[in-house]
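Engineer: Sequence and predicted structure are below.
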Amino acid sequence: MHNAYWEEKKVLSRKRNFINLTHIEIDKKGNFTSDQYHGKFVTFTNESGEV
């Protein structure tokens, strides 16, 4: 799993954080579970309708 956050020092910079998930399951509707997290995969589009 990868997530990111913004860190402000003298210059705003993006930092990355990687987490290894265990016991991952994903169903046909896009729901997922692991020992650490659960949720749903979703698709976002911008104002132009691009994914």
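Structural biologist: Perfect, I can see it now.
Engineer: after the lowest-mean-pLDDT helix or strand in the chain comes which helix or strand?
Structural biologist: Of all helical and strand segments in the chain, the minimum by mean pLDDT, DSSP states H and E falls on strand 2-8, at a mean of 65. Tracing the chain past strand 2-8, the next element assigned as helix or strand by DSSP states H and E is strand 12-18.
Engineer: Centre of the chain to that next one, how far?
Structural biologist: Distance of strand 12-18 from the chain centroid (Cα atoms, centre = their mean, to the nearest Å) equals 13 Å.
Engineer: other SSEs contacting it?
Structural biologist: In this structure, strand 12-18 makes packing contacts with strand 2-8, judged by 3 or more Cβ pairs under 8 Å, 6 or more residues apart in numbering; DSSP states H and E. All C-beta atoms are positioned from the backbone trio N, CA, C, and that covers glycine.
Engineer: residue ranges with poor pLDDT in the chain?
Structural biologist: Counting by pLDDT under 70, the low-confidence segments of the chain come to 1-11.
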